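> just coords:
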């Protein structure tokens, strides 16, 4: 997912890049819609939107929509607008997340709110969210609208739940799973479920693609949470420690806490509950998390979801496209090992 | 609109209160939907939403939807969900506005962001916005969805334009009109335009009700902007001066500036552009605005829009309901005189 965009030999292409090249025309159409619809005579809107959604984003979620639409044999063009709508919903969420998280990096760039201010990020997020609905209305598919509008409220609910659980050291694994299912997996699931709907396939295929997106999204978020503690072997990269600094409870920490001794619990209470952290605390947190085996366990859980995503596609005819969607599910997990 | 909710003799009821009593069953149904749909197992959501949208709100916009649906002879029940959706969109906007404006009072209460924090207001706003779309989808009316989703993106665009114009002392009257049309009148217009759509009336009636809402919304916002400088005669009330403190350019100030001398311009530059204000500056601003005649002119403009709103309903049969909707348009302006 985070593979560089530069041209590489075919062997070195990630499944996400291969999937993109297999759907290049569709993705070009999606890009054109995104660029056209983030335009506004109010100049601040395209400036800020371009920073986030302009050319160069990885567009994983819209890619899933166009690729699964193709998998479903869909021959219309509603998938382009739905894919753009999915990206707009995702972008709106990111803009608001940056304000909420007070993060200082987003996709390797300074987040929009640190350039244009929190107010601009909030309001442009609202604009992109509304534009997403404009696009969906234009497709004329009430079922797709139902799926995506439902995802939008589930995402917001998950974000609020995550906010309420911030610095809550007794957050349970069940609560964590609820949060990641809502804040991340719901949009993946909606992005893939709309495809069988517009292609008018049967309910089994609709359920299968919903499952594929949902499980892929769960695996994706679990691995993201592993990478925030540096992955299983990797050196501490620049993006490590964001969750830790925000006092966000994730599975690696929840699992680590279940086997922590009194001294460790005191440490976690200090850094998460009291948010009293110095430079060495992140290193200490990473070492506790690694030592506990929680990273391996989280990766294993992600792998199980990945397998479920892969199996969900088995009912579709074996084609290079299906293979690539299945490879993508495996690749998501491989990022962390 | 701001009339107290206590029981009064019929003579003393404002047109908004009369309109409510003429549509009491519909409004009870709307209230029930609002209370049901702002619920969530994530406790922070109902807590915060109840503070803003719970029982006791004036519900002007949903009232317009149910009353105009009735005017159109609509006999179904989609208007209840659409009215609740309108209120949710409005509430989401208010939650985000409070964060953007840094205001310290909202509907006479402490705003939600000062109680639960900016993050909670942003995310619960997103939730209510998404829930609005869930409700619209349930009505099955793609046309209503198109009208309201278009209004939502116009509102966000207007909010961004207003933000970009903050402290811009050379903002033109045309720019100001664009902003209030977008941020306020668009939702009034959508709230009334959906009624002829779900009632399947002809395009003339649809255009008439769109005009009614639009002009009513323009008059409403102009009068709000007059009241922020204390109205034409009223003593300085508690809600006076919000726009001034935020450096928001409104028509009373724009008009005042057109006839200001050098000393006055220097004053406005100091308080609006540099936002350098002390306690006496608001009184001085109010006296400049009053002296210039800008308040009377703004009220006159509001009155013209009010007349256009009233005339737009002339094509409907004269009934007590139509009279009341027309009285409401007149009443909106009477608040300031």
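Looks like it came in fine. Note that the coordinates shown come from a computational prediction; the quantities given were computed from them, not determined experimentally. Numbering: from 1, shown residues only, chains lettered A, B, ... in the order given.

> contacting residues for residue A:129?
A:88, A:89, A:92, A:152, B:126, B:129, B:152, B:156 (Cβ atoms under 8 Å, 6 or more residues apart in numbering or on different chains). Any C-beta I mention is one placed from the backbone N, CA and C, and that applies to glycine too.

> And for residue A:302?
A:218, A:219, A:222, A:223, A:226, A:332, A:333, A:336.

> Measure how buried the second one is and give me the count.
The tally of other residues near residue A:219 (other Cβ atoms under 10 Å in any protein chain shown) stands at 28.

> do you know how far it is from residue A:251?
Going from residue A:219 to residue A:251 by Cβ to Cβ, to the nearest Å gives 12 Å.

> How about the fifth one?
Using Cβ to Cβ, one obtains 8 Å as the distance from residue A:226 to residue A:251.

> Mind checking which of the two has more residues around it?
Higher neighbour count among residue A:226 and residue A:251: residue A:226, with 28 against 22, using other Cβ under 10 Å.

> State the helix or strand in which that one lies.
Using DSSP states H and E, residue A:226 sits in helix A:203-227.

> As a markdown table, the contacts of residue A:129 with pLDDT and distance to residue A:247 would be great.
Below are the contacts of residue A:129 laid out as a markdown table (pLDDT from 0 to 100; distance: Cβ to Cβ, whole Å):
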| residue | pLDDT | distance to residue A:247 |
| --- | --- | --- |
| A:88 | 97 | 29 |
| A:89 | 97 | 26 |
| A:92 | 96 | 24 |
| A:152 | 98 | 26 |
| B:126 | 98 | 21 |
| B:129 | 98 | 27 |
| B:152 | 98 | 33 |
| B:156 | 97 | 31 |
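
> Of the residues you listed, which belong to helices?
Among these, the members found in helices (DSSP state H) are A:88, A:89, A:92, A:152, B:126, B:129, B:152, B:156.

> and the two most separated of those?
A:152 and B:156 (14.7 Å; Cβ to Cβ).

> ok so, going back, what is the most widely separated pair among the contacts of residue A:302?
Applying Cβ to Cβ across these, the maximum distance is between A:218 and A:336, 13.8 Å.

> any low-confidence regions in chain A?
A:1-11, A:55-56, A:103-108, A:232-238, A:337 (pLDDT under 70).

> Could you rerun that using 50?
A:1-10 (pLDDT under 50).

> At the geometric centre of it, which residue sits there?
residue A:184 (5.1 Å; Cα atoms, centre = their mean).

> That residue touches residue A:215, doesn't it?
No. With contact defined as Cβ atoms under 8 Å, residue A:184 does not count as touching residue A:215 (11.6 Å).

> leaving aside the residues next to it on the chain, what's closest to whatever residue of the stretch 201-337 of chain A ends up closest to chain B?
As assessed by Cβ to the nearest Cβ, chain B sits closest to residue A:246 within the stretch 201-337 of chain A, at 10.9 Å. In space, and not counting its chain neighbours, residue A:246 is closest to residue A:101: 5.6 Å by Cβ to Cβ, 6 or more residues apart in numbering or on different chains.

> Measure how buried the nearest residue to residue A:319 once chain neighbours are set aside is and give me the count.
Spatial nearest neighbour of residue A:319, chain neighbours left out: residue A:71 (7.7 Å); criterion: Cβ to Cβ, 6+ apart. Residue neighbour count, defined by other Cβ under 10 Å, stands at 24 for residue A:71.

> what's the spacing between residue A:71 and residue A:212?
Distance of residue A:71 to residue A:212, computed by Cβ to Cβ: 10 Å.

> Please identify every residue contacting each of the two.
A:313, A:325.

> give me every residue that touches the nearest residue to residue A:69 once chain neighbours are set aside.
Nearest residue to residue A:69, sequence neighbours excluded (Cβ to Cβ, 6+ apart): residue A:79, at 3.7 Å. Residues counted as contacts of residue A:79 (Cβ under 8 Å, 6+ apart) are A:26, A:65, A:66, A:69, A:194, A:195, A:198.

> Wait, a strand at residue A:159?
No. Per DSSP: H, G, I helix; E, B strand; the rest coil, residue A:159 lies outside any strand segment and is helix.

> what about the residue nearest to it when sequence neighbours are not counted, which helix or strand?
Leaving aside its chain neighbours, residue A:159 sits nearest to residue B:123 (4.7 Å; criterion: Cβ to Cβ, 6+ apart). Element membership of residue B:123, judged by DSSP H and E, is helix B:118-139.

> Likewise for residue A:309?
Assigned by DSSP H and E, residue A:309 falls in helix A:294-312.

> I'm done for today, thanks for sticking with me.
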